[in-house]
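**Q** Next input, structure requested:
(2 chains)
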Amino acid sequence: MNKKTEEKNWKLSYSQMIWRRFTKSRLNLACLIFVLFLFLLAVFAPFIANDKPFVIRIDGKFYFPLLRNLQPSDYCIFLAAALTVWYLLRRTPNGGKLNIKNQISKLQCKIQKGMPDSRYSNFAFLYVILLFAFLFLIFVLIFVFVPRRLDAVDYKEMVASGKATDAIFAPVPYGYARTELASCRQPPSRRHWLGTDDVGADVLCRLIHGSRISLSVGFVAVGISVCLGVLVGAILGYFGGWIDFVGMRFVEIMMAVPVFFLIITITAFFPRSFLNIMIIIGVTGWTSNARFIRAEFFKLRRQDFVQAAVSLGLPLRSILFRHILPNAVTPVLVNATFGISSAIFIEAALSFLGFGVAPPTPSWGQILSLGVSTSGRFLWWLTLFPGLAIFFTVMAYNVIGEGLRDATDPRLSKAV
Amino acid sequence: MIPTLLGITIVVFAISRLAPGEPLRGTSDEGRGTSIVYPRLDRGPSSIVWGLDKPIHIQYAQWLWRVVRLDFGDSIRHHRKVSELIKERLPITLMLNAIAFLIIYAVSLPVGILAAVKHGRFFDRASSAVFLMLWSLPIMWVGQMLIGYFAGPTFKNWFPPAGLSSNYAEQLSFLPWLADRLWHLVLPVLCLTYTGFAYLTKQVRASVLNNLHSCYVRTARAKGLSEPVVIFKHVFRNSIIPLITITATLLPAMLGGSVIIERIFSIPGMGLLAFEAITSRDYNVIMAVATIAGVLNLAGLLLADIAYAIVDPRITMDD
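**A** Predicted coordinates for the structure are as follows:
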């Protein structure tokens, strides 16, 4: 790099540099925007595709069926999305700018005066645990206090028969669980933009609600696998010796077990539930993360800053997770992106084989499995559209993963 | 290696026995896991026959003792010896995977080398884009689309939708039988191969790129060797070293993928056997398939280590 880019890079933090390298390619940006679009689709699914109208006037009085019938899981998803957006967009205290000279001189003043050098108190660990417990409590309270309403009124029929006037429906006015056997197996038409499946449910509506399942499985499964892998890898990598030897034997056993076979076995044997699938995919996929973290920790534990932290008497959790881990996390980040795409693919494969989420919960793989019937009849709209959805989602995450891998490649900072 | 194998069998055994469900009561319909939990059958006559009334660790010890003598027991669902079932079905899966392997290597090696040699130019970028797209295609979607568009009555009817041979295949002499078998294999092998292209081409390209900037390549060119000789005689040999470990990891991945393919195309191989065994809780078959998959896995890793030591004389076996 020439001197000018080097000077520009001095003011940037590591993540800002990676962001710049990542966004240089328009394909990466496009895939990121697509993933964002999927997120919006998943979060606002009940407002986009619902068979209840936003507002309907019956006998002169206004009713709001859609808003009344939001399930507790919808509220949880709104809350989780809001928290994620707040976390990603929050301003760091210095406005994100790096000013190393100022920070060093401030630290020196504090040490001279004998003041605590960290913004966080000694009990920060407990405060974080309390915060997570509080959030968990809020989610539990949502499930306890939001009533589960089952409203089976056919509002479209009311509008058609004239009992109700002036209704505003969602853009895709069908419910994902409403079956209409009269119009099953219809090809795409003006009424059903992507056709109907074998019980008469609208395919577009089921695709939109199915994106919720896919994305949640992707993120939660990868979250579990990253947490497990980081924990195991950090301990194995930092301590080495016989702990590493015994631990690596366990990791090798987990790696040698045929993964897909194990997943099918577990999902077939245990009761089919959404949570089970997420946990299983997470618990079978942590070994590569553990190996990456272990390799990085091996490299980093002999560095000076680790010895300084040990000699200062910092607790083990602080050394591992606040000092070494931020330096070791980049390959895991790249692996996590590929893990999301692979988790989405595994969930679709499980639903295709019949082991995934139970109907009527929509899943892309389940719609896919209806495409070719046993008599050989091929319903192309049930194969093409869910397949395209899975394909675009998996490809977007793969492109983002490749882009991240290229952006964090240390060799690129030397070669142009 | 033996502890790893024991570990695999313990994991699969624990999962299969500690889960709700029962092999001797009813059958679940094909393709759907049963969600009804039957109570555990205790000490009925058929459970004593199958050895299911003893405590779990005794069952595991008995199973282990039999497996050491290569007796995998009887299949509850098929009422035959498990070793016979495996002898019938394993060659089919291995044949599918071997053909897919050959095709993947035959395509990926040239494309990867060419992409590395023409680094940064159109062929390189186009091939990586195409292979990335191929990698992202879900296997069951491709299988369904191929069956729907090329093997069905609605569109083209070029290939058969299922099976390994036609119904009349036994009456054919060898060459027509072979042609018929290959005609049946086209679509399944196509599904199995395309995922491997992207991964392997990327590794080949990275490996060759690594070696193209070495000093010995400069020496070879300075000596006056022609470019193909430089690449195929010097660079290629050094580049395939990392590929050997990848070969070891590619095989178990394809065994996993063949479960879906064999289900879609109704090919009677190990994947379909495992799938049916899982849905009907056929414990002996599940354990046998898990053991064999684990053995193949470990054998592949061992072979990769040995091949590594043979190909690269700098690596000795005592590491």
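
**Q** and the closest residue to B:Val235 other than its chain neighbours, backbone torsions?
**A** In this structure, B:Val235 finds its nearest non-sequential neighbour in B:Asn211, 4.8 Å apart by CB to CB, 6 or more residues apart in numbering or on different chains. (Each C-beta comes from the backbone N, C-alpha and C, glycine too.) For B:Asn211, the backbone dihedrals are phi -80, psi -20 (criterion: degrees, to the nearest 10).

**Q** Kindly report the same for A:Ala201.
**A** Dihedral angles for A:Ala201 - degrees, to the nearest 10 - are phi -80, psi 150.

**Q** burial of the residue nearest to B:Val235, as a residue count?
**A** Neighbourhood size, B:Asn211 [other CB atoms under 10 Å in any protein chain shown]: 18.

**Q** same deal with the one 10 residues further on?
**A** The number of residues packed near B:Arg221 is 13, by other CB under 10 Å.

**Q** what do you get for the one 5 residues further on?
**A** For B:Ser226, the tally of surrounding residues (other CB under 10 Å) stands at 9.

**Q** One more: B:Leu209?
**A** B:Leu209 has 17 nearby residues by other CB under 10 Å.

**Q** Poorly predicted segments of the chain, please.
**A** Answering for chain A, as no chain was given. A:1-2, A:4-9, A:11, A:91-98, A:115-122, A:376, A:411-416 (pLDDT under 70).

**Q** wrong one, I was asking about chain B
**A** Chain B contains residues with pLDDT under 70 at B:18-53, B:315-319.

**Q** At the geometric centre of it, which residue sits there?
**A** By CA atoms, centre = their mean, chain B has its centre lying nearest to B:Leu255, at 2.0 Å.

**Q** quick one: contacts for the residue nearest to B:Val235?
**A** B:217, B:235, B:238-239 (CB atoms under 8 Å, 6 or more residues apart in numbering or on different chains).

**Q** Show me these that map onto helices.
**A** B:217, B:238-239 (DSSP state H).

**Q** Not counting residues beside it along the chain, what's closest to the residue nearest to the centre of chain B?
**A** Using CB to CB, 6+ apart, the closest residue to B:Leu255 is B:Ala293 (6.0 Å).

**Q** What's the local residue count around that neighbour?
**A** B:Ala293 sits with 24 neighbouring residues when counted by other CB under 10 Å.

**Q** what's it in contact with, if anything?
**A** A:258, A:261, B:252, B:255.

**Q** For the residues you listed, name the two members farthest from one another.
**A** Using CB to CB, these span at most 9.3 Å, a distance reached by A:Phe261 and B:Pro252.

**Q** the helices in the stretch 151-300 of chain B, which residues?
**A** For the stretch 151-300 of chain B, applying DSSP state H, counting those that start in this stretch gives helices covering B:174-212, B:215-223, B:227-229, B:236-265, B:270-279, B:283-311.

**Q** ok so, going back, who wins for neighbours among the ones in helices among the contacts of B:Asn211?
**A** Result: B:Ser239 is most packed of those (other CB under 10 Å), 24 neighbours.

**Q** my guess is that one contacts B:Ser214, does it?
**A** No: between B:Ser239 and B:Ser214 there is no contact under CB atoms under 8 Å: 10.5 Å.

**Q** related to what we said a few turns ago, tell me which of the helices of the stretch 151-300 of chain B lies nearest to A:Gln71.
**A** Nearest of those (CB to CB): helix B:270-279, 31.4 Å.

**Q** Need the contact partners of the closest one.
**A** Contacts for helix B:270-279 (CB under 8 Å, 6+ apart): A:261, A:264-265, A:268-269, A:353, B:28, B:30-34, B:75, B:77, B:85-86, B:89-90, B:92-93, B:255, B:258-263, B:266, B:282, B:285-286, B:289, B:292.

**Q** what sits against A:Arg20?
**A** Counting by CB under 8 Å, 6+ apart, A:Arg20 makes contact with A:Leu12.

**Q** Oops, could you answer that again for A:Ile77 instead?
**A** Counting by CB under 8 Å, 6+ apart, A:Ile77 has contacts A:42-43, A:212.

**Q** Out of those residues, the closest to A:Leu150 would be?
**A** Closest to A:Leu150, out of all of the contacts of A:Ile77 and judged by CB to CB, is A:Arg212, at 19.5 Å.

**Q** Now the element after the helix or strand where the closest one lies, going C-ward?
**A** For A:Arg212, the host element (DSSP states H and E) is helix A:203-239. Per DSSP H and E, the first helix or strand lying C-terminal to helix A:203-239 is helix A:241-256.

**Q** got a list of contacts for the helix or strand following that following helix?
**A** Next along the chain after helix A:241-256, taking DSSP H and E as the criterion, comes helix A:259-269. The contact list for helix A:259-269, computed with CB under 8 Å, 6+ apart, reads A:276-277, A:280-281, A:284-285, A:346, A:349-350, A:353, A:355-356, B:11-12, B:15-16, B:19-21, B:33, B:256-257, B:259, B:274-275, B:278-279, B:281, B:286, B:289-290, B:293.

**Q** now the angle between helix B:236-265 and helix A:259-269, please.
**A** 20 degrees (axes from the mean of the first three to the mean of the last three CA atoms, to 10 degrees).

**Q** ok so, going back, would CSV of the ones in helices among the contacts of B:Asn211 with distance to A:Leu135 be doable?
**A** Shown next, in CSV, are the ones in helices among the contacts of B:Asn211 (distance: CB to CB, whole Å):
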residue, distance to A:Leu135
B:Val217, 57
B:Asn238, 53
B:Ser239, 51
